[in-house]
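Engineer: Here is the input, now give the coordinates:
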Amino acid sequence: VLLTGTPGGTALRSPGPLMEKLGALLPVHVKWRAFFRRQAANPAYLQDGDVMTLRIRTDDGALDLGEQRTPVASA
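Structural biologist: Okay, the predicted model is just below:
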């Protein structure tokens, strides 16, 4: 397994200071439901039907482990 990190814009984002203050007024379960709903609406996340294409090779091509195409399917 090769871990490369998360592409920019796709990681969970915490709300800004104003939203955090407003969120502090809400019951915990309501705050978390709203948080996860906003995250699920992020178009940068992989969606059902997207295809990830991954390749591992050196810049000079001396070592090339090939390409893998993986379709994304909802659980």
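Engineer: residue ranges with poor pLDDT in the protein?
Structural biologist: Within the chain, the set of residues satisfying pLDDT under 70 comprises 1-13.
Engineer: Can you tell me the number of residues neighbouring residue 42?
Structural biologist: By other C-beta atoms under 10 Å, the residues close to residue 42 number 12. (C-beta placed from N, C-alpha, C; glycine too.)
Engineer: Next, it: secondary structure please.
Structural biologist: Look at residue 42: counting by DSSP: H, G, I helix; E, B strand; the rest coil, its state is coil.
Engineer: Contacts only, for residue 26.
Structural biologist: residue 34 (C-beta atoms under 8 Å, 6 or more residues apart in numbering).
Engineer: what helix or strand does it sit in?
Structural biologist: Using DSSP states H and E, residue 26 sits in no helix or strand.
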